[in-house]
Structure formats: C-alpha cells, structure tokens
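S.K.: Coordinates for the following, if possible.
(chains A and B)
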Amino acid sequence: MSAISAAERARLEQKFPEVFKTSFFKRHGLIVGIAAAALYLVFCWFFFNVGPALQNGKWDRASIYVQDWYSWRAQPRLRFGEDGAVTAQWSSRGQYPAGATIDWLTPHDDGSVTATFGSEADRLDISTTQVDVYINGEVWPVTITGDAAVAPEGVPAAIVQDRQKVIVDYGFEGQAEIRANQVAVQRRFLGWANFLYDTKSPLWGNDLFSSIGLMFSGDRVNPEMSNAQYVLNQWLNNQAWQHADILVKLFQTLVMAFVGTLMATLLAFPLAFFAARTITPNRTTNWMMKRFFDFIRSVDMLIWALFFTRGFGPGPIPGIAAIFFTDTGALGKVYAEALENVDDKQREGMKSVGASPASVNRYGVVPQVLPVFVSQSLYFWESNTRSATVIGAVGAGGIGLKLLESMGTNSDWDKVAYMVLLILLVVFLFDNMSTAIRQRLIGGTGH
Amino acid sequence: MADTTHSSTGLSPAGATLLQHYRSQVMTRRVYTILVVAGVLVALLAAMSYANSANSGKFFERLPYMFDFIKNFMPRDPLEIFRAMFGLESPYFDGSAKYDYTSSNIYLTDTIYIPNFIYQLIVTVNIAVVSTIIGGTFAFCLCFFAATNLVGAGAVRWVVRRIMEVMRAFPEIVIAGLLTAVLSIGPIAAIAAVSLHTVGALGKLFFEVVENADMKPDEGLKSVGASWLERVRYAIVPQVMPNFVSYGLLRMEINVRASTIIGAVGGGGIGEVFRLSIGRDYAAQTYAIIILLLVTIIAIDQFSGWLRGRLVGNASLNFGKASV
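M.R.: Numbering: from 1, shown residues only, chains lettered A, B, ... in the order given. All right, here's what the predicted structure looks like:
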C-alpha cells in the first residue's frame, strides 16, 4: 500500500477531528494518573514511616509464626540432675502425656538422653558432663563446665557459641540451646499436634483412621455411651484445640450475618417503597427516607458495633444490630434505585383495570423487583458473613474475637490456621449456595 | 390475579382444561412460596433466640440499660464535642485524659497544629487510598488472566480465580494480626490486610467487566498479527478502563470503612481512637469522632459518586455487587 499524500492526510484530519485532535486528558490521562499515584505512594511511604517500620520488624519471629501455621514444636527442657541423670521437663502446654514413649527422645540406663533430629546422623547425645552434637554424622563434643557450655574449635556454622551457651541449629527439624544446667530442645514436626485428642484423653495416640475404626468396632470403650458418641465427645472436648468452642463461635458469627441481613431486608423492603420517587409521589417523603438511608449507611459498622456492645454486652446481639443498621441503609438505597427503574407498563395495566394502590404495587411492581431484591440481599449476606468476623473482633464476639484472642498469645498460630480454614470453607460454601439461588432466580450468570 | 370471576361455563372444553391447569400451577406455586417463607421465618426466629441466649446480656433485660447508656452518654456541654474535635483546651480539664484534648495534637509549627482526631482521620483515609491503589494495581494485572475471552477456560483461569477467591475470603484481621505481631501496631498491617482483600474483590469485578468487553477490536488486532499483550493493551484496556476506575472508586468508599474497622483491631488510625474513647466513656470525644467520620464518609461517597457519574453512567453500576 502506498503512503497517504499530504492532501489526503489533511482531508482525514479535517474529517475526523475526534481521532487526531483528542483532548490532553484523553491522550495523557493514563500516564498522568499513574505518575500521580506513584508520587502519592512515595509520599505515603514517608507519611507512614514504612522504611523504619520494616527495618525494625521482627522478621525472625515472623518465620516462626508462619511455620507454626502448619507445623508444631515440642519444647522439652532437659535438665541436668545432681545425680548425673538428665530429665525432660515439659511446660503445661506439653504435647505428650506423662510417661509417654517419645520416639525421638530416648533415655538411656546411665541417665543420658539421646535426642534425634530427623535421622541418626543429626542427633544430640546428652549427658550432664558432655553433649555430643552430631551434624551429618560428624560429632562435635560440647563440654559442660561448672557455669558454661563450651563448643570445640572449628565447629560448623550450625553450632554457635553465644556467651555461656551453645546454640545448635538443625534447620526446620529444630534447634537446641545447650547451657551449663540444661539443654532446651525445640523439635519441629509437620502437621498439628493433638488435633484429635488432648493428652488427658484416654483416646490419645489414635489417628483419624483408628478413630473411625473405633467408632464402628463392637466393644464400648466407655460403657455409658456408644463409641461414635464417645469419640466425638472426646474430640469436641479437646482442651488444646477447643473444637466445641470454636464451632460454637463460628456458628454465632454465621447467625449474626444471617439474622442481621434478613432483618435489614425485611425492614428495607417496605421503606424502599416510600423512598422510590416513582412509587410514592411525595418529594418530601422520598427525600427524608433517602437521607435516613444515607445516614444509617454512612455511620460506620464499627461505630454501630461498639455502640451496641456497650449497650448489650459482648455477644451476637451487637453484631446483629450493627449489620442490621448499616444494611438497612445500604439495602434501602439499592432497593429504592431498583424500584425507580421498574417498567411502568405493568403498573399502568393494573391501574387501568381499577386496582387499589396496594394491588398495583403487589402485582405491578413486586414481581419485577423481587428477584433483584433477593439477589441483592444474598450478595449482602455473603459479604456480611465476612464482615461479621471483623465486627466480632471489635467486641461483638463470635469467631472474630476467638481469632483475636488466639493471635494475642502469639503461640496459637496453628489454631489461627485452623479457624481460617474453617472460615474459608464456610465462606466458599455460602458463596456457592447464594450463587446457585441467584442463578435460579434471575437466570444466567446474573448481571 | 388468577381469580377470574367468570366460571368455566363460557369456555370451550380445551379452554376449561387450560384454566384448570393454570389454577393448579398457581396453587402449587403458592404452596411453595408459603413453605419457603415459613422456613425462612422459622430459621430467623430460631437464630434470634439462639443469639439472645448466646449473648452475655439478654435483649429485653439489657434494653433499658441501652437506653440509659444513650441517655447518660452525653458530653458536659455541646461545645465540648467541638473542642474535642479541634483539639482546643477544655474548661473542665482536670488533668484526666477524659478532658485532655490538646496533648495529642500534632504541631507543624509552634502555632499551627493538626488536631489529633483529624490527624487520625487523615491516617485512616490514606490507608484506604493506598490500599485501593495497591490492590487495584494487582487486581488489574491479574484480571486478564481470569477472563475466559482472553485465556480460555483452562488451568490459568482456574488458578487465578481461586487465588482471588482466597484473597477475598481470607479474614482481614488475621493478616492484620500477623503483621501487627511482626511490625508492632501501625498502619502497615492495615494497608496489607485491606489491600489483599481489595485484590480479590476488585479482581472479580474486573474480570467480569473484561468478559463483557466487545471482542471486535481484539479480532481486528488479531487479524494484523498483534501479540496477546498488544491485544490486551489496545483492544481491551481502553474499553474497560472507565468501568475499572469506577469500580475502584466504589472500592475506595468501602475501604474507608474497612480501614476504620481494621484500625480498631490493631491498625491504628481513627478506629483505634474511637474504640478507646467509647470504651472509656469519653462522651465528648466519641461524638466528635462519630461526627468527623460521618462527614468524611459522606463527603467521600459524594465525591466518588460524582466522579463515577462523569466516567460512566450510574446505571451500569451495581452497588451490591461491588460491596462483596
């Protein structure tokens, strides 16, 4: 194709000015917008002190916290006794019942203890006078003097002498801190410890399959109830994981979202008819109703939640009230907009046969808007299932508060992960459920 | 509607059968409707009574306290609210934090200062804006890989959509809590939490917009041999950009609220100040914050509504959908 002549070009420019002479905003708007956003982000970097905050962050702790999500730590203190025996001491949160045989912690007849870290090549032979540190099969004897543990010369990087103690690092498998009077062992395993039964339960040590086997086997473990009931009972009453409590709190959160949204729907439905200018031809009523919706919608959900928590005490009621107030406003606004967009033909048809105003709305308006209303309410229900968690954390109770408490201890991250999984599961379930209902109501994939 | 007063006498046999079928269908439909409504109402009542029994105070027992609380939760004089709002000294100041409105003010120079509450509000609004920008950017980059008309219905779409779903459903307080434990209390935790949720929420809206885009420009570019990236850039992006910006603005409105709430559980900003002041019964300060928040939220809603109206007609937007 040949090049366009100058005259032709001039003619084209003349004919299509909107193509060749666009406004500055249209030509450079994107670049200007991106530059402004970037500048703003730089400003916020300094405004929020991001740099120093990141620098001062406890990132070593962060990796421990994240590992705690999917693994657990056994933390015995191996104390050196006067008589030359090494005894393991567990904290109250210990994961083994008293007297249990632990496969990675073997006591010997002479009082010494062997702790293995994944394999025989990585282990500690601990006696009160000397700790033999095996790393990849090589042995490094750490001698215990009166007031210090001393590592030998030329040790690998995994062994570090820190003043009077020696720290041995086995990576993910764990670490050990050798002192003059004890060895603090930290041993990490994949998975969640004692998820099924706590250490006080007679069923401790059963895994999932043996539990299911027990449920269907003939002999009753506890004469008072069937095995299935007993297994369930022991699982729910697991003190370490508090399954019963967590499930109840999760249920409370769901109740909050359900009742709050449904009550908001029931109230917003009639009010929206007063707010819609096509239905109620009274400008003052419309205006007042709409400002009322705006007001209760704009008062933050947090404000309602804290306000009602002060009034009713912690629990689902303040959560319900907060969702109810905010969503009455939000749903009322959406409903009123839907009502103002209805097709007038059906109403005119009803009016033309002399129907009463109530009938006009019942048969001329409601059938048109009902699917939209229900679908909007379902959207709000979905989103409220999520916000109820946060509202709960502020003081309304439910799983949110439980999450906040567990995070506050900084040692229950496995429980946090468990609750997050439950929440994700429930949210997905509800999403799919409400999508299915919506699709049946309005057909197709929605809007 | 079905109540036709004429009996079927005037109808042909075929017409009578039709009417009979119509009536029986209406009947079935009504029965189902009644059953569903009754089921929902029963569930509602059961849930309400459960909520009542699970609460630490019962509804009707606590209702009088609620009214007492509202009645007694009054500042000593109405002007106190404005003194608290603008960080002016209170005549009732007795050394207690309740009437101390001045000591937290941020002084820019010796005489010019930003009142504490307004400063906290600025922090919260900035958290929302930053989160919207960061979340929107990532959502923008991800959404094209989740749209069926651009990547097909294969593994890429599945993975990207699941990532978005998890980001949407992941409880914000957990992210905020984890980062608070690492970085100590501050706005970074709130920004991260709100941004992550924004990626998921906006990503979903964005890819739905992309899927509804007109594919003719794309075909035109394809016919002249443009690469996938060029097609997205010149065929899709110009079409969807107004809707994207409009959804982004809507998200910003929601994020202002979200960052207030996250603030109350460890993100700093006005949410935290509010939680403390209502918890300690500082009436004047509480009302000052409520008024400030209300004004800010209404102002932001109005501004973004106006801007959205200029970008695209309001009709194409769906409020409820965006709030998910």
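
S.K.: elements contacting the helix or strand containing A:Ala7?
M.R.: For A:Ala7, the element it lies in under DSSP states H and E is helix A:6-15. Contact here means 3 or more C-beta pairs under 8 Å, 6 or more residues apart in numbering or on different chains; DSSP states H and E; on that basis helix A:6-15 packs against no helix or strand. Heads up, the C-betas are built off the backbone N, CA and C, glycines and all.

S.K.: The following helix or strand past that helix vs chain B: in contact?
M.R.: Next along the chain after helix A:6-15, taking DSSP H and E as the criterion, comes helix A:17-20. No: legend: contact between helix A:17-20 and chain B by C-beta under 8 Å from any C-beta of the partner chain is lacking; minimum distance shown is 13.2 Å.

S.K.: Could I get the CA-only coordinates of helix A:17-20 as PDB?
M.R.: Extracted in PDB, the C-alpha atoms of helix A:17-20 (Å, rounded to 0.1, in the frame of the first residue of the first chain):
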ATOM      1  CA  PRO A  17     -11.000  15.700  14.300                       C
ATOM      2  CA  GLU A  18     -12.000  13.500  17.300                       C
ATOM      3  CA  VAL A  19      -9.400  10.900  16.200                       C
ATOM      4  CA  PHE A  20      -6.500  13.200  15.500                       C
END
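
S.K.: buried sites along the helix or strand just after it?
M.R.: Following helix A:17-20 in sequence order, the next helix or strand is helix A:24-47 (DSSP H and E). Within helix A:24-47, the residues scored as buried using 16 or more other C-beta atoms under 10 Å in any protein chain shown are A:37, A:44.

S.K.: Residue ranges of each domain in the chain, please.
M.R.: Here I'm looking at chain A. Structural domains assigned to chain A are A:75-190, A:243-442, following automatic domain parsing.

S.K.: other chain: chain B
M.R.: Domain assignment for chain B by automatic domain parsing gives B:8-68, B:113-322.

S.K.: Looking at these, spot the one closest to A:Ala180.
M.R.: Checking these against A:Ala180 by C-beta to C-beta gives domain B:113-322 as the closest, at 32.2 Å.

S.K.: tell me the most buried of the domains of chain B?
M.R.: Stretch with highest mean neighbour count among the domains of chain B: domain B:113-322 (a mean of 20; mean count of other C-beta atoms under 10 Å in any protein chain shown).

S.K.: Go ahead and name everything in contact with the helix holding A:Ala7.
M.R.: A:4, A:20-21 (C-beta atoms under 8 Å, 6 or more residues apart in numbering or on different chains).

S.K.: how near is the residue of the stretch 201-350 of chain A found nearest chain B to B:Arg62?
M.R.: Residue of the stretch 201-350 of chain A nearest chain B, by C-beta to the nearest C-beta: A:Gly315 (3.0 Å). Distance of A:Gly315 to B:Arg62, computed by C-beta to C-beta, to the nearest Å: 10 Å.

S.K.: cool, and A:Ser377?
M.R.: From A:Ser377 to B:Arg62 the distance is 28 Å (C-beta to C-beta).

S.K.: Same check on B:Gly95?
M.R.: From B:Gly95 across to B:Arg62, the span is 34 Å (C-beta to C-beta).

S.K.: Look at the residue of the stretch 201-350 of chain A closest to chain B and say how many residues are nearby.
M.R.: 28 (other C-beta atoms under 10 Å in any protein chain shown).

S.K.: dump the residue contacts of the residue of chain B found nearest chain A.
M.R.: Closest to chain A within chain B is B:Asn55: 3.0 Å, counting by C-beta to the nearest C-beta. With contact taken as C-beta under 8 Å, 6+ apart, B:Asn55 is in contact with A:312-318, A:397, B:62.

S.K.: What of A:Asn49?
M.R.: Contacts of A:Asn49 (C-beta under 8 Å, 6+ apart): B:Gly186.

S.K.: Ok, B:Val160 next?
M.R.: Counting by C-beta under 8 Å, 6+ apart, B:Val160 has contacts B:142, B:145-146, B:203.

S.K.: Among these, give me the pair with the biggest separation.
M.R.: Farthest pair in the contacts of B:Val160, by C-beta to C-beta: B:Phe145 and B:Gly203, 9.7 Å.

S.K.: just to revisit the earlier point, I'd like the contacts of helix A:6-15 laid out as JSON lines, including distance to A:Ile126, neighbour count and pLDDT.
M.R.: Formatted as JSON lines, the contacts of helix A:6-15 follow (distance: C-beta to C-beta, whole Å; neighbours: other C-beta atoms under 10 Å in any protein chain shown; pLDDT from 0 to 100):
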{"residue": "A:Ile4", "distance to A:Ile126": "88", "neighbour count": "11", "pLDDT": "78"}
{"residue": "A:Phe20", "distance to A:Ile126": "84", "neighbour count": "11", "pLDDT": "75"}
{"residue": "A:Lys21", "distance to A:Ile126": "84", "neighbour count": "9", "pLDDT": "73"}
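
S.K.: Among these, which one lies nearest to chain B?
M.R.: Nearest to chain B among those, with distances taken as C-beta to the nearest C-beta, is A:Phe20, at 16.5 Å.

S.K.: what are the ranges of the helices in the stretch 1-150 of chain B?
M.R.: Ranges of helices in the stretch 1-150 of chain B, per DSSP state H, counting those that start in this stretch, are B:13-54, B:59-72, B:79-86, B:116-143, B:148-151.

S.K.: picking that back up, could you dump the contacts of B:Val160 into CSV and include pLDDT?
M.R.: CSV is the format used below for the contacts of B:Val160 (pLDDT from 0 to 100):
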residue, pLDDT
B:Leu142, 93
B:Phe145, 93
B:Ala146, 92
B:Gly203, 94
